[in-house]
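In: fold the following, please.
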Amino acid sequence: MTVTTDITDSVLLDIGVAYSASLNSFSLGAFAYEWAIAGQPFLGVASDEFPMTRAFTSVNKEQFDNSRDPGEQSLTGWWLRSQRDFSGGAGINFLEPPDNERLMTRFNRSQGVDVWTPGTLKLLPRVREAFTSSGLANVAGARDDGNNVCYAFGLDGAGGVKKWDGTTATAITGWANDIEYLASYGSGVFGFHDDGIDVAAASGTTASALWTHSKSASGRGWWVKQRLMAAWGNELYELGGFTGGNLPSAFYTHPRSDWEWTGACEAPAAILVAGHSGSLSTIYKFTVDEADGGLPTLTSAVTVAELPAGEIVLGLFSYLGSYMVIMTSVGVRIGLLGGDGSVTYGPLTYTGAATGYAVGFDRFVYVGVTDVGSGNAGVIRVDLSNLDEAGRAAWAADIDTGETGAVDGVCILGCTGRVIVGVNSQGVYEEHPTELVSSGYLYTGQVRYNTLENKSFRFLNLRRSVLDGTVAVSSVQAGGTEAALYTYPDGSSNVEVQVVPAVPVESLGLKIELTRDASDATKGPEIAGWQLKALPAVPRKQQWRLPLLCFDEETDRFGQRIGHPGYATTRWQNLRNALLAGTPVVLQDFLAKETYTILIEDLQMVQTSPPRQQSGMGGVLVVTCREL
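Out: Numbers count the residues shown, from 1 in each chain. This next block holds a predicted model:
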């Protein structure tokens, strides 16, 4: 049989149907093609045998939980993030990754709340003024063992000293001159003035002269290893016992005349002393020699640590024989003490306006700062039992005095655990024994589920274990925009809250604000934890399974014919090459007048009977593809 082909039935050249890796498109002409893929035109052939499907891709992948205990990853549907423990301290921006247990106990910042008991977020004690100070407000703690009474000694700013027992401030008289610095020896204090050093026992109200000198400055000192270490400029003095008299010769003078000693503390077998000159700051070790059985003597200075240029040591505080808190002009570092007096310190735990004053109680060290929370003078609390691999300790804002100015001292009221803070030109402040701050807040880290895609945050569950007082919750966007969500009234039940903003965002945090009971200042709410529920807001993409005619010669729905020998083979090969290359191509739906960028995932050529065309290629081409 002779086959006659009319010139109108086919094109002479394969112009516009050759495959290219670029995003080719096809220009529709008179022939009514229905689809084009990678510039290759086709007619659709949907039928019961070859159905065409159009669906949408899933944005959730199947979750697998191989952890020891069931957790949020065991649940399907919602994306969850919760937090029950805040004892990891402040300083994070994002609450992730979830497999980092220490990070999942941290938050962004706080003020007025106690974060240190896992499973409990509550208000801190409020601050009350013990007495005012018109100038220097240095403080030191002591205890009268005979009467089992705890005291805090503080400067009143007019050169006088008062001792505070938690109720009454009593003036200490008998000082030889105006006192400008206090140093505690446990059961009393040394007072430094321009003419020497006086001493006052916690059991009395009168000071007595101890050391005298002819210097024109008051100096400062530290009680370490049963001796008073005193410093004037670049001179360092070792004053053992309470014998008193004329100030002896300096046991060590730094070779630089502009050197200033700023701190001293104990190490297991040495005394560590820090100072600075210009932009350089160094910590020295003076080894204790107890070979003669008497009062240990000090040998020459050995450098054990140098701070980065421009970072000035303002004070040292050692604790529990193992840790040293280094307070500098840029923040706070934690050092580890070796048995030989060596020091290994880590990166900055806290970055801010630290002072040279700290005190320890239990596992915590309280460090004076001038920018706590809202920018006032107060203290941060550092947990020495919770250090990360780099040596950073957990910390959080603690006492806010409500005053601005320099912190002149931090101490404990004897052995009560209540912190005392002295603020220059303001006063001496104490944690109240029973009453709470009126309100406090905590900002969580931003929740973004470890992905930069948008999420639709829908619901918040906040669990209160104590219902006294109120709790207000706000959403916090990454840029800082806050939106009030809900206020839990005093005594109300826990309810699930709808989250705003309703528009999808990449991440979202929370501000939790606690307010104490309106009628009882000793009661306030306690938070056991929170949980956010979200759904992925990733735009859904389409996927297709397209059955397409692929013969050398085809007829459209208007009866027009097109084709030529090899036409089917050319189109098959071009789509096959696009699949093998794995590059994006263009899908054109001419009936719906829509165009998409897709990736071909599979091709099948189904041939139910031999084609009559000369090429031997022809059938139904099933294309599986998805939108990008």
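In: so where is the protein shaky, pLDDT-wise?
Out: The chain contains residues with pLDDT under 70 at 1-23, 59-76, 290-296, 610-616.
In: next up, the contacts around the residue most central in space within it.
Out: Taking Cα atoms, centre = their mean, the centroid of the chain lies closest to Ile92, which sits 1.2 Å from it. Ile92 makes contacts with 103, 106-108, 445, as judged by Cβ atoms under 8 Å, 6 or more residues apart in numbering. Where you see a C-beta, it was placed from the backbone N, CA and C, and this is true even at glycine.
In: how about a cut-off of 10 Å?
Out: Neighbouring residues of Ile92 by Cβ atoms under 10 Å, 6 or more residues apart in numbering: 103-109, 444-446.
In: got it, and His193?
Out: Shown in contact with His193 (Cβ under 10 Å, 6+ apart): 159, 175-181, 209, 217-219.
In: of the residues you listed, keep whichever come out buried.
Out: Taking 16 or more other Cβ atoms under 10 Å as the criterion, what is buried in those is 159, 175-176, 178-181, 209, 218-219.
In: how does this structure divide into domains?
Out: Per automatic domain parsing, the domain ranges recorded for the chain read 7-57+540-627, 72-123+441-536, 125-436.
In: how about stretch 280-292: buried residues?
Out: By 16+ other Cβ under 10 Å, the buried positions in stretch 280-292 come out as 280-288.
In: for stretch 129-140, same thing?
Out: Result for stretch 129-140 [16+ other Cβ under 10 Å]: buried residues 129-131, 133, 136-140.
In: take those and keep only those in strands.
Out: Counting by DSSP state E, the part of the buried residues of stretch 129-140 found in strands is 129-131, 139-140.
In: need those in JSON lines (columns: distance to Cys625).
Out: Shown next, in JSON lines, are those (distance: Cβ to Cβ, whole Å):
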{"residue": "Glu129", "distance to Cys625": "74"}
{"residue": "Ala130", "distance to Cys625": "77"}
{"residue": "Phe131", "distance to Cys625": "80"}
{"residue": "Val139", "distance to Cys625": "75"}
{"residue": "Ala140", "distance to Cys625": "78"}
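In: can you tell me which of the residues you listed is closest to Gly338?
Out: Nearest to Gly338 among those: Ala140, at 28.6 Å, using Cβ to Cβ.
In: for the closest one, give the beta-bridge partners.
Out: Here Ala140 shows beta-bridge partners Phe153, assigned using DSSP bridges.
In: how much space between it and Phe192?
Out: Distance of Ala140 to Phe192, computed by Cβ to Cβ, to the nearest Å: 11 Å.
In: so who does the closest residue to Gly310 other than its chain neighbours touch?
Out: Distances taken as Cβ to Cβ, 6 or more residues apart in numbering place Ser279 nearest to Gly310, at 4.8 Å, with adjacent residues excluded. When contacts are counted by Cβ under 10 Å, 6+ apart, Ser279 touches 307-312, 329.
In: is it true that Thr451 touches Phe94?
Out: No: look at Thr451 against Phe94 with Cβ atoms under 10 Å: they stay out of range, at 11.3 Å.
In: neighbour count for those two, which is higher?
Out: Using other Cβ atoms under 10 Å, the more surrounded residue of Thr451 and Phe94 is Phe94, with 16 against 13.
In: that one is in contact with Leu508, isn't it?
Out: No: contact criterion Cβ under 10 Å: Phe94 and Leu508 do not qualify, at 11.0 Å.
In: what's the overlap in contacts for the two?
Out: When contacts are counted by Cβ under 10 Å, 6+ apart, the set common to Phe94 and Leu508 consists of 446-448, 478.
In: buried ones from those residues, can you make that a ChimeraX selection?
Out: Selecting only the buried entries of the shared contacts of Phe94 and Leu508 in ChimeraX, with 16+ other Cβ under 10 Å as the criterion:
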select :446,447,448
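In: count the neighbours of Pro268 for me.
Out: Other residues lying near Pro268 total 14 when counted by other Cβ under 10 Å.
In: for it, which non-adjacent residue is closest in space?
Out: The shortest distance from Pro268 to any non-neighbouring residue, by Cβ to Cβ, 6+ apart, is to Gly339 (5.0 Å).
In: in space, what's closest to Leu532 - neighbours in sequence excluded?
Out: Nearest non-adjacent residue to Leu532 (Cβ to Cβ, 6+ apart): Arg81, at 5.0 Å.
In: tell me the one of the contacts of His193 nearest Asp48?
Out: Closest to Asp48, out of all of the contacts of His193 and judged by Cβ to Cβ, is Tyr181, at 96.1 Å.
In: show me the contacts for Met52.
Out: Counting by Cβ under 10 Å, 6+ apart, Met52 makes contact with 35, 44-46, 544-548, 622.
In: alright, I will stop here.
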